[in-house]
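Peer 1: got a predicted model here, sequence first, then my questions.
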Amino acid sequence: MYPTLRTSPTRAQWIDATASTLGDFGDTNRKALDSANRAGEFPRDLYAEMGRLGYLGPLVPKEFGGLGGGVAEYVVISEEVGRHGLVSGQIAAQGQRWLLDWGTDDQQAQWLRPIATGAAVFSESISERNAGSSFKAMQSTAERTGSDWLLTGSKTHVNLGADCDVTLFYAMAPEGLTSFLVDMTLPGISTRVTDPIGLRLIRTADVDFDQVLVSDEARLGPPGGGMQTFLSTFNISRLGNASELIGLGRRALELGLRYAGERQVGANMVTDFQGIQWLVADAWCDLQAASLARDDAAIVHESGVDIALHTSVAKKLSITAAEHASDAAYSLVGGHGLYFDEPYADILNDIKVLKVAGGSAEILRNYIARRILKDAGHEGLS
């Protein structure tokens, strides 16, 4: 939709070309994508092809094999991934942001190009069974041994954890929260594929680290600087989550409208009924509002302003919009949408996963409320 990003003619032209290319890619590979999604398998060949097309490295400079774009390009690609049911490059983009913000020259030389082109797969090992949004409960440790580190801990909900070549491991060091780029071929790492309800193309895994020895050159950012490294990427990746939600909502509503526009009920089509038209109007308006908030956050980021509030609002509105669009689609298609050989259940489950990923609706509401209440002008109300 991109209501604000399209105001630039050059960017609008790029958006149309990107949407067309990714739409064609989805159509050409629909059977393989759907088969992998149902089986919960990572389609590495299709992922690599997206990398060769340039759609896994939106934030990476061209000299490192990336698109050379910014947050605006990142959110467009993320939305089109949701819109066309493609394998997400969201985790790769987060890795790129971490490397660009905090990586040493050697770390960037080793990992940036492979991640941006799809030759290497990145993951992030952060969540634990008793430590999700609160790092204070994290049990993973990083202990010094001479000039090296021993990493120990069990991580869960790791997208591509069993399929990746490198992971970003967060642990408590003596100095505090610290992150490390860990080569997954090192001894002491074991993985177990799990079975998520959604986003099954980037399947999850539990990843265990049993005294994994890494050099100090693997450390990303300063010792004890884990919160800073996390937040620098997290606020951007939240916009990717919001954008995929908008894309999923668009896909659900568009598919529903195509079906309902040809489905006759008595002398009328389904879309002739006022009650149905109201559902369509409300769902479309929600998607438009979410898109405006997301576009605003992407543009504000270009000015260098703190975008934490902007991204929180965008993600919250995108959750609501995607859920409403999915609900409206079921009303449009009725019993036609109640089968696994149709895409509606997959879309709904992807929305449920993204509703939690990158900050749940409840966490977002808490953050937005705190920002309003702490500000003397109540964030623009006065």
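Peer 2: Right, received. Where do you want to start? Numbers count the residues shown, from 1 in each chain.

Peer 1: all contacts plus neighbour counts: C-alpha atoms, from now on.
Peer 2: Noted.

Peer 1: give the bridge partners for Leu177, please.
Peer 2: Note on Leu177: beta-bridge partners Met172, judged by DSSP bridges.

Peer 1: give me the distance between it and Ala131.
Peer 2: From Leu177 over to Ala131 the distance is 13 Å, taken as C-alpha to C-alpha, to the nearest Å.

Peer 1: more crowded one of these two?
Peer 2: Set Leu177 next to Ala131 and count neighbours by other C-alpha atoms under 10 Å: Leu177 wins out with 24 against 16.

Peer 1: contact partners for that one?
Peer 2: Going by C-alpha atoms under 8 Å, 6 or more residues apart in numbering, Leu177 touches Phe135, Tyr170, Ala171, Pro223, Gly224, Gly225, Gly226, Met227.

Peer 1: now the last one: closest residue in space that isn't a chain neighbour?
Peer 2: Spatial nearest neighbour of Met227, excluding adjacent residues (C-alpha to C-alpha, 6 or more residues apart in numbering): Leu177 at 6.5 Å.

Peer 1: which residues in the protein form helices?
Peer 2: 9-28, 30-39, 44-53, 71-84, 90-102, 105-117, 226-260, 274-302, 308-333, 344-356, 361-374 (DSSP state H).

Peer 1: looking at the ones you listed, spot the one closest to Thr152.
Peer 2: In terms of C-alpha to C-alpha, the element of those nearest to Thr152 is helix 226-260, at 16.1 Å.

Peer 1: next, the buried residues of the closest one.
Peer 2: 226, 229-230, 232-257, 259-260 (16 or more other C-alpha atoms under 10 Å).

Peer 1: before we move on, the earlier item: take the helices of the chain and write them to a markdown table, including distance to Gly188.
Peer 2: Output for the helices of the chain, formatted as a markdown table (distance: least, C-alpha to C-alpha, whole Å):
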| stretch | distance to Gly188 |
| --- | --- |
| helix 9-28 | 38 |
| helix 30-39 | 28 |
| helix 44-53 | 24 |
| helix 71-84 | 34 |
| helix 90-102 | 22 |
| helix 105-117 | 21 |
| helix 226-260 | 23 |
| helix 274-302 | 40 |
| helix 308-333 | 37 |
| helix 344-356 | 30 |
| helix 361-374 | 34 |
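
Peer 1: any chance of those in TSV with mean pLDDT and distance to Thr204 as columns?
Peer 2: Shown next, in TSV, are these (pLDDT from 0 to 100; distance: least, C-alpha to C-alpha, whole Å):
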stretch	mean pLDDT	distance to Thr204
helix 9-28	97	22
helix 30-39	96	12
helix 44-53	96	14
helix 71-84	97	18
helix 90-102	95	12
helix 105-117	96	18
helix 226-260	94	16
helix 274-302	96	27
helix 308-333	96	21
helix 344-356	96	11
helix 361-374	94	21
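
Peer 1: ok, Ala120 to Tyr55 distance?
Peer 2: Distance, Ala120 to Tyr55, using C-alpha to C-alpha: 14 Å.

Peer 1: okay, these two: which has more neighbours?
Peer 2: For Ala120 and Tyr55, the more surrounded residue by other C-alpha under 10 Å is Tyr55, and the numbers stand at 27 against 19.

Peer 1: residues in contact with the nearest residue to that one once chain neighbours are set aside?
Peer 2: Excluding its sequence neighbours, the residue lying closest to Tyr55 (C-alpha to C-alpha, 6+ apart) is Ile77, at 6.8 Å. Shown in contact with Ile77 (C-alpha under 8 Å, 6+ apart): Thr18, Ala19, Tyr55, Pro58.

Peer 1: same check, this time on Ser312
Peer 2: Arg238, Leu364, Tyr367, Ile368.

Peer 1: so what's the residue count around the last one?
Peer 2: So that's Ile368. 18.

Peer 1: hmm, it is touching Thr311, no?
Peer 2: No - the pair Ile368 / Thr311 is not scored as a contact, 10.1 Å apart, by C-alpha atoms under 8 Å.

Peer 1: and Leu151, what are its bridge partners?
Peer 2: Applying DSSP bridges to Leu151 gives these bridge partners: Ala142, Val212.

Peer 1: now Asn159, nearest residue through space, not along the chain?
Peer 2: Counting by C-alpha to C-alpha, 6+ apart, Asn159 lies nearest to Thr204, which is 4.2 Å off, once chain neighbours are set aside.

Peer 1: quick check: that neighbour touching Lys155?
Peer 2: No - using C-alpha under 8 Å, Thr204 is not in contact with Lys155, being 10.7 Å away.

Peer 1: which ones are touching Ala162?
Peer 2: Contact partners of Ala162, counting by C-alpha under 8 Å, 6+ apart, are Thr191, Arg192, Val193, Thr204, Ala205, Val207.

Peer 1: neighbours of the closest residue to Ala19 other than its chain neighbours, how many?
Peer 2: Excluding the flanking residues, the one nearest Ala19 by C-alpha to C-alpha, 6+ apart is Glu80, at 6.1 Å. With neighbours defined by other C-alpha under 10 Å, the count for Glu80 comes to 28.

Peer 1: tell me who's in contact with Glu80.
Peer 2: Applying C-alpha under 8 Å, 6+ apart to Glu80 gives the contacts Ala19, Leu22, Gly23, Glu244, Gly247.

Peer 1: let's see that with 7 Å instead.
Peer 2: Residues near Glu80 by C-alpha atoms under 7 Å, 6 or more residues apart in numbering: Ala19, Leu22, Gly247.
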